[in-house]
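Novice: Let's see this in three dimensions:
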Amino acid sequence: MRAVVVAGAAGRMGKRLVDLVNAQAEAEVVGALEYSEHPLLGKDAGEVAGIGRLDVPLIGRLQDLAGSGAEVMIDFTAPQATLANLEWAVAEQVAMVIGTTGMSLEERGLLAEAARKIPIVFAPNMSVGVNVLFKVVAEVAAILGDDFDVEILEAHHRLKKDAPSGTAVRLGEIVAETLGRDYEKDAVFTRQGFTGERTQREIGMQTLRAGDIVGEHTVMFGGMGERLEVIHRAHSRDNFASGAVRAALWLAGRNPGLYDMQDVLGLK
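Specialist: Numbers count the residues shown, from 1 in each chain. Now for the predicted structure:
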């Protein structure tokens, strides 16, 4: 039985994670973490998630996880909160599954450093379909090479705080790695006014925010006389949550290291 702590347990993703972990025969929720001033602190995490009482209260302090027997934490929160949770996880030798987006290169470096001491699965998107998309985009980019321009379009709900999405950034990085480009230098996020001709090295990154869109990503390879588009559309957050639970189970017995969903799904 895998003992799981869910960070951000009262949020939209957190509630789905509590539900899906609880539904797993091989896992149980032993901790539910929220920020220290959350209005639902003390409430039962199962009742907050709408699945009935679990006798696991929402807590606002990492110290309150003492004695929980936690083996892995699933964290879909925000960079600052994730790094605080990571420091605790290293000290307590608890594995982590991290789906937090909007992390800087420096913050990602801290994840890599922590992964020398504990096993971590870090992925901007834990959906099976998106991780197949990552693999397919790398293969298509390698085949088409520099003869096709690459544009990445992502759309999410109006409440999403970071842009472009972590998934779109990873798609851009994959294209850059495959084609020998530098994502930090070659990604173009805004075109307005007299921009001049598109350069061959550009990786266009376009963002849409509207309504309740769960998540859509399109990678367009545009050539002269034809174009190829690879599209993924998420219809439910359960795709991300179920992938995270799968990753938490996969981490059992793993050595310290920084893994991603390609490792979890055997796509490498």
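Novice: and the closest residue to residue 79 other than its chain neighbours, how many neighbours does it have?
Specialist: Excluding the flanking residues, the one nearest residue 79 by Cβ to Cβ, 6 or more residues apart in numbering is residue 103, at 4.9 Å. Quick note: C-beta positions are derived from backbone N, CA and C, even for glycine. A total of 22 residues lie near residue 103 under the criterion other Cβ atoms under 10 Å.
Novice: which SS class is residue 97?
Specialist: Secondary structure of residue 97, reduced to three states by DSSP: H, G, I helix; E, B strand; the rest coil: strand.
Novice: returning to that earlier point: quick one: residues contacting the residue nearest to residue 79.
Specialist: For residue 103, the contacting residues are 79, 82, 111, 166, by Cβ atoms under 8 Å, 6 or more residues apart in numbering.
Novice: which of these are buried?
Specialist: For the contacts of residue 103, burial is judged from neighbour counts taken by 16 or more other Cβ atoms under 10 Å, and it is met by 79, 82, 111, 166.
Novice: Low-confidence regions, the stretch 1-150 of the chain specifically.
Specialist: Within the stretch 1-150 of the chain, no stretch has pLDDT under 70.
Novice: What ranges does it have for its helices?
Specialist: Residue ranges of the helices in the stretch 1-150 of the chain, as given by DSSP state H, counting those that start in this stretch, are 12-23, 45-49, 79-92, 105-114, 128-144.
Novice: could I get those helices as a markdown table with distance to residue 73?
Specialist: Shown next, in a markdown table, are these (distance: least, Cβ to Cβ, whole Å):
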| stretch | distance to residue 73 |
| --- | --- |
| helix 12-23 | 11 |
| helix 45-49 | 14 |
| helix 79-92 | 6 |
| helix 105-114 | 12 |
| helix 128-144 | 21 |
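Novice: Looking at these, spot the one closest to residue 240.
Specialist: Closest to residue 240 of those, according to Cβ to Cβ: helix 12-23, at 6.8 Å.
Novice: Now do the buried residues in that closest one.
Specialist: Counting neighbours by 16+ other Cβ under 10 Å, one finds that the buried residues in helix 12-23 are 13-22.
Novice: quick revisit: list just the nearest of the contacts of residue 103 to residue 138.
Specialist: Once Cβ to Cβ is applied, the member of the contacts of residue 103 that ends up nearest residue 138 is residue 166, at 17.0 Å.
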